[in-house]
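*Asks:* Sequence below, structure please.
(3 chains)
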Amino acid sequence: CGFALRGSAAIPMQLQPIYVSSAVESQEFAQSIRRQLEINNIAVSSHASEARLRVEIELMKPQRRSTALDFEARDAEYELFERCELILSDGSGKMLRGPRVLEQRRLIVNDTDNPVGEQTESSIVRAEMLEQLSIQAVKQVEYWVARLNESQP
Amino acid sequence: QQNSTETDAPQSCNALNAGDIKVNYSALIPYYQHWFWVPDHVIKKQSDCSYSPGCRGSFVEPRRDWEGADLDPSIAPLEVSAQNIESLNESASMSGDVELRKGNLRLDAGYARYNRSNGQISLRDNVVLSQPGFILRGQSAELDTQNALGEMTQAEILSFETGARGTAGRIARPSYGEFLLEEASYTQCTPDNETWSLHAGNIKLDYETGRGVARDTTIKIHNIPVFYSPYLNFPIDDRRATGFLFPSLGLSDNRLDISLPYYFNLAPNYDLTLAPRYIETHGEALETRFRHLSRYAEWDLQTSYLPSDQQTNDNRWLVGLEENGHFDQRWSSSVDFNKVSDPDYFLDLGLSSVSVKRSTHLNQQASLQYFSENWRGLLEVQQYQTIAAVEDPYQKLPQLSLFYQSPTRNFQLEPELELEYSRFDHRDSYGKGGTKLTGQRLYSSIGASLPMRWRWGFIETGLRNRHVVYDLDDADLAGVDASPSTNSPQLTIDSGLFFERQLELGDQLFSQTLEPRLFYRYSEYQDQSQQPDFDSAALTFNFQQLFRDSRFTGHDRLDDANQLTAGLTSRFIDLDRGQEFLSVSLGQIFYFDDGRVQLPGDPIRKGSNSDVAGQVRLEANNNHSVSADILVDARHMDTNQSSISYHHNRDDGSLFNLGYTFRRAGNQFGGLDQDIKQLDGSLSYPINNQWKLFARSQYDLEEKRTMENLIGAEYQNCCWLTRVVFQQALEPDDNTGSNTNATTLNNAILVEFQLKGLGGLGTAVSNVLKESIFGYQTNE
Amino acid sequence: LPDDRSQAINLSSDSASYESNQGTYTGNVEMSQGSLKIKADKLTIVESERKVDTVIAEGAPASFEQQTNASEGVVTASANRIEYRIDNEEILLLNNAEISHQGSRISGDRIFYNGRKQTVVADGGNTEQETRVKMILQPQAAPETKPSTIKPGSEPATKKEIR
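*Replies:* Below you'll find the model as predicted:
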């Protein structure tokens, strides 16, 4: 059925290392993106001048929305959102791709008798969403770069 | 949703100038002609520029086509034409509709006298000064032609781009973008609709900082004075969207609720709102909100005080403090503290925000976080104020946690560490004569994992030892062991493969991935029934839960497990746009042992396998998105949980959302007490660039009742905005005291009126819309 | 220059004629007296009591040049008809008139220049159709250091602002 094991390198060597920059509010998220880049053995540099590609990241305000009410008209289920804005630029900072908004969303049940348990669940789920968001961001950079060097031989 | 900023938006009509479109100014009515205001039926014939919301025309700057019109005045020659000129060594006087050009500075006047030695010029009778973006007109003026600075009497000013207009006894221009108006009036309304104007002793317009400051200010609506303030600071750049807040009207449970906010935008980074509020049958309250933004932190303090409520004749107040701070690369802090005078505060006085009325607890939390490459530390204090007839929760006074995660090293051990000390207190603890166990807890998890990663797959084995020990207060009173402890090692083996293939559908090139994943987890069983339950609850079961290393939140239950998860994810990537637009995931857990560690009162989990968990995320590029989660009991083929939501947003700002939610009760699905089955639909539809329609309906299929119906409309023109919303919402009704199905359906009508261009913040109506309509953002 | 008037006048032209107290010279006429220089197609010198009283130069256009004093620059002028009254140093320039004087260049239909008082008066002349007068002044010393060209409405300077 045409499937083959993924082989091609994530990002060609000549486009590495990558520099990840963010405002101070999103620095922790930027760190998890650097970690995901390293997991995909893409070199990360901490100096913008050295980098051939630059990923600019901004984590947007976390959102929460009530999606259902229980029989006492209390919140029964929440939907949590984590969103980030991603921009890919070249070494000199000229924007190549984006800005694109990536989103993760999860449903969690609200236990009205145990707000501490509910709050602990939402911090576990948000941490997991941020990790998934950084994986999604690195994939997005890979998709962009794959198209990049085709258009500029 | 996917935003469309990648295509470049059409040019804004505000930045039009006569170069872009041919304007026959003389064809316009005199008042429009005077202010260079071109209505949209003229513009529309020549340009499809986009207006800011509600505007029906634009100030079009006449062409600047004289030679050297783009030069800086200080380096350009002065060219004069007049009926006659007298040059007497150092000075030259000109008369007879004099026209002066010096680089981008253009001056017209009946008479002018120019002093060659210092470049000063004085002009008289209908003087006109125009530079890119501005035009000033007046009776007489004294200017320095080098930099076009000076002053003008009986003058008026127009900023083409922002549409701000001012008239004044005297306008001084100390620097390029700064104008001081004395005995002035100012408006951002357009000539076709002059509703509000601001009159002040003096106004400073500073286009470099984008702010205006007025002193001794009166705001008039159609010349009726409606507001006075000794000091008003407001934005004057093109953020037209922010409106001056005035007033907010509500009719809830046929109880009139009026608030008159006074907005003091004291500086670009802090502002204050004072809002006297009248609530029928309760009394008068004063609400305040102070926001402060500095390099390190954002503060937002809200208070409300209603002395001697007519119904309960005690004082009712509310305090809300929020802070987010980042001190440097390492340290950050956050505060979220809310407190009200009594549990029924929101039910009685919470006019607009339905979600606050539906909440059961108010969070009172402060935390300090340290973060570095591999270490993270968190010091946190947290408690709740209970505002409903529900359990009082435990308080963390404090909780200190430390995490270590080693740098990623393929084919090498990655150690990890988690330490957490917590001290749990409770309002009716044994110490205070109650029946709630309190005490201290120390949790630790020390382990390492060995990742083996290739492009085509990965195997990661992890071994960790989890340990928890307690020091409980008054254990003898409670008749329990004072320091129970549990130690439970855990082994995890996670593995997966990545398959890929290219697809051609029509002329579009896609890539599809197939990602099978196997996750084995073994955690040793330890009886923990003697341990208290401070912060452990059931994690909501979904596709992500299949791959988590525990089924409980918190650390009071170290779960036992001997299970294998099989999962499969397939992603579809549009290679042209470089975007993953669809991902479908399915998975199931196979249990080799029963789940014996449970929360107090829950049965042991028997079954040999979990429900099948599915998840779909679709984001088509023309702004359609679908998100679905589902749990199916494979053996009986019935659904235990399913939620599907569809969102559509278009470039014209219209939104359309549909949602269905079904979930069975029980801890294995997240801990609901009763099944829920609900439908939700909402839309925000711009009829044209002035009228907008809002609607929302949420229906409970299980209990056969309406949960919320909302109808609303918004009208705005260039100058002011009004929103009206009728909302029928189900709210808890604790007053009946009984814990049965006590809810009431509350009707409320909310009205909001704003003067655009004077800065302000969202109010009751826009908060309701943000809560009820998914994706609704006001541009305030 | 102030001592121009005591200098010798020399004059050249294609042809010349003289009657009673008026000398008329025609054909690329060039007249100079000290720093004063006049070029014209036709030049008429009117004398009274055997002293040159007025010089009338006509041309398409005729040109005039003189250095007012040592420190000042040269005054140059041109017009279809130039009337130069030597004693009170007045020059009347008629139609298509132009004068460059102390860094400014004034053009119009009728310009009246008084050398002694250094004044220039230009107006539309007495013809029915109003013609306007133009003046061009070159910028003086070097421009100030900080060119004030911040376009209004540009990004406000403060780093953070409440949205």
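
*Asks:* how about the nearest residue to the residue of chain C at minimum distance from chain B, chain neighbours excluded?
*Replies:* Relative to chain B, the nearest point of chain C is C:Asp123 (3.5 Å; CB to the nearest CB). Bear in mind the C-beta positions are built from the backbone N, C-alpha and C, glycine included. The shortest distance from C:Asp123 to any residue other than its chain neighbours is 3.5 Å, reached at B:Asn84 (CB to CB, 6 or more residues apart in numbering or on different chains).

*Asks:* again with A:Met60
*Replies:* Excluding the flanking residues, the one nearest A:Met60 by CB to CB, 6+ apart is A:Arg83, at 4.3 Å.

*Asks:* mind checking the SS state of that neighbour?
*Replies:* strand (DSSP: H, G, I helix; E, B strand; the rest coil).

*Asks:* Please name the bridge partners of it.
*Replies:* Under DSSP bridges, the beta-bridge partners of A:Arg83 are A:Glu103.

*Asks:* Just to check, the residue of chain C closest to chain B is in contact with C:Val133?
*Replies:* Yes. With contacts counted by CB atoms under 8 Å, C:Asp123 reaches C:Val133, the gap being 6.4 Å.

*Asks:* Look at these two and report which has more neighbours.
*Replies:* Applying other CB atoms under 10 Å in any protein chain shown to C:Asp123 and C:Val133 shows that C:Val133 carries more neighbours, namely 26 against 21.

*Asks:* What's the separation between the more buried one and B:Leu107?
*Replies:* 16 Å (CB to CB, to the nearest Å).

*Asks:* Without its sequence neighbours, what residue ends up closest to the residue in chain A positioned nearest to chain C?
*Replies:* Using CB to the nearest CB, the single residue of chain A nearest to chain C is A:Ala23, 10.4 Å away. Nearest residue to A:Ala23, sequence neighbours excluded (CB to CB, 6+ apart): A:Glu58, at 6.1 Å.

*Asks:* B:His282 too?
*Replies:* Leaving aside its sequence neighbours, B:His282 sits nearest to B:Asp309 (CB to CB, 6+ apart; 5.2 Å).

*Asks:* Report the strands that pair with the strand ranked longest in chain C, each with its relative direction.
*Replies:* Counting by DSSP state E, the longest strand found in chain C is strand C:51-67. Looking at strand C:51-67 with DSSP bridges, its partner strands are strand C:36-48 (antiparallel), strand C:74-85 (antiparallel).

*Asks:* want to throw those into TSV with distance to B:Ile573, mean pLDDT and mean neighbour count?
*Replies:* Shown next, in TSV, are the strands paired with strand C:51-67 (distance: least, CB to CB, whole Å; pLDDT from 0 to 100; neighbours: other CB atoms under 10 Å in any protein chain shown):
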stretch	distance to B:Ile573	mean pLDDT	mean neighbour count
strand C:36-48	83	87	19
strand C:74-85	77	89	20
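
*Asks:* Tell me which of those strands approaches B:Ala112 most closely.
*Replies:* With CB to CB as the criterion, B:Ala112 lies closest to strand C:74-85 of those, at 23.4 Å.

*Asks:* Tell me the first helix or strand C-terminal of the closest one.
*Replies:* strand C:90-101 (DSSP states H and E).

*Asks:* Send over that next one as CSV, restricted to the C-alpha atoms.
*Replies:* In CSV, the C-alpha atoms belonging to strand C:90-101 read as follows (Å, rounded to 0.1, in the frame of the first residue of the first chain):
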residue,chain,number,x,y,z
GLU,C,90,17.5,102.0,-9.6
ILE,C,91,16.7,99.3,-12.1
LEU,C,92,13.2,98.6,-13.5
LEU,C,93,12.8,95.2,-15.2
LEU,C,94,9.8,94.7,-17.3
ASN,C,95,8.2,91.4,-18.5
ASN,C,96,9.9,88.1,-18.2
ALA,C,97,11.9,89.7,-15.5
GLU,C,98,14.2,87.9,-13.2
ILE,C,99,16.7,88.9,-10.5
SER,C,100,19.2,86.9,-8.4
HIS,C,101,20.1,88.8,-5.2
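
*Asks:* circling back: and for C:Asp123 and C:Val133, which residues touch both?
*Replies:* Between them, C:Asp123 and C:Val133 share these contacting residues under CB atoms under 8 Å, 6 or more residues apart in numbering or on different chains: B:Gln83, B:Asn84, B:Ile85, C:Gly108, C:Asp109.

*Asks:* Distance-wise, check B:Glu99 relative to C:Leu137.
*Replies:* B:Glu99 is 14 Å from C:Leu137, by CB to CB.

*Asks:* More neighbours: the two, which one.
*Replies:* C:Leu137 (22 against 18).

*Asks:* which one is the more buried one nearest to, not counting chain neighbours?
*Replies:* Spatially, and ignoring its direct neighbours in sequence, C:Leu137 is nearest to B:Leu78 (4.3 Å; CB to CB, 6+ apart).

*Asks:* Okay, buried residues for the longest strand of chain C please.
*Replies:* Using 16 or more other CB atoms under 10 Å in any protein chain shown as the test for burial, strand C:51-67 gives C:52, C:54-59, C:61-67.

*Asks:* In these, find the pair that's most separated.
*Replies:* Across the buried residues of strand C:51-67, no pair lies farther apart than C:Glu58 and C:Gln67, at 23.6 Å, counting by CB to CB.
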